[in-house]
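> from the sequence below, what's the structure:
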Amino acid sequence: MGENQDTSALRATAHPVRLQILSLLTGAAMSAAEVARELDISHANASYHLRQLHDADLIVVEGEERIRGGVAKRYRYRADRPEPPAVPGQLAADVRAMAGEMLRRFELRAPGRGSFTDAELWVEEETWDRVRDMVQEAAVLLHESAQRPRTPGTVRTSLTVAAFRMDAGDATGATPASEEER
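Numbering: from 1, shown residues only. Next up is the predicted model:
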């Protein structure tokens with residue numbers, strides 16, 4: 001029995017190379033060869049990961065071009081795809097992949113200004129709603145402004161966001177959201 005589309009999409013995002021590819025394809029449609037060059041991976045590896053992302057409906061074929069007698073597909077991130085429903089047990093894999101990708105990017109940071117925040121706080125619901133909306137607005141702005149890698153006049157940036165409302169639990173945080181997420 002095959003996976004449903006939402007489960008496939010969640011599994012696809014739980015791999016660090018595929019997270020990098022999704023970031024690349026936000027700014028521009030790219031072929032497997034272009035992705036391979038940008039990430040310094042083999043063409044076969046890039047093609048494999050692109051197929052996984054395409055099968056999960058996270059990217060679309062935006063066009064095709066003839067290259068040396070063959071046809072190269074150009075893929076682009078599907079920013080219009082709705083958020084899939086939660087799949088038990090998948091959140092932990094997604095968070096691990098996100099943390100690994102954040103560590104990789106942190107090693108590549110440039111000197112100068114940035115922002116790093118970590119907080120587990122109790123705030124009024126209105127404050128939480130406002131902060132969540134502002135974070136979402138910032139993420140949308142970055143995605144909509146993304147350009148092809150190394151475009152003159154651009155800077156390479158990283159934004160990793162995990163903002164969520166927590167269960168009340170006890171003061172130690174010992175109450176997990178669900179048994180599957182342990």
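
> where does this structure have low pLDDT?
Low-confidence segments of the chain (pLDDT under 70): 1-10, 80-88, 170-182.

> ok, the residue of it positioned farthest from its centre to Y75 distance?
Most distant residue from the mean C-alpha position of the chain: G69, 33.6 Å away (CA atoms, centre = their mean). Distance from G69 to Y75, counting by CB to CB, to the nearest Å: 21 Å. C-beta: built from backbone N, CA, C; applies to glycine.

> ok, now A56?
Using CB to CB, A56 is found at 12 Å from Y75.

> who has more neighbours, these two?
Between A56 and Y75, counted using other CB atoms under 10 Å, the more crowded position is Y75 (25 against 22).

> quick check: that one is in a helix.
No - the assignment for Y75 is strand, going by DSSP: H, G, I helix; E, B strand; the rest coil, so no helix is present there.

> and the longest helix for this protein?
Ranked by residue count and defined by DSSP state H, the top helix of the chain is helix 125-145.

> so P152 sits in a strand?
No - assignment of P152 by three-state DSSP gives coil, placing it outside any strand.

> so how far is F116 from it?
Applying CB to CB, the value for P152 to F116 is 28 Å.

> what's the answer for R130, then?
For R130, the distance to F116 equals 21 Å [CB to CB].

> who has more neighbours out of these two?
With neighbours defined as other CB under 10 Å, R130 and F116 compare such that R130 has more, 12 against 6.

> show me what contacts that one?
The contact partners of R130, taken as CB atoms under 8 Å, 6 or more residues apart in numbering, number zero.

> equivalent analysis for L108, please.
Contact partners of L108, counting by CB under 8 Å, 6+ apart, are 156, 158.

> residue ranges for the strands of this protein, please.
When secondary structure is read from DSSP state E, the chain shows strands at 59-67, 70-77.
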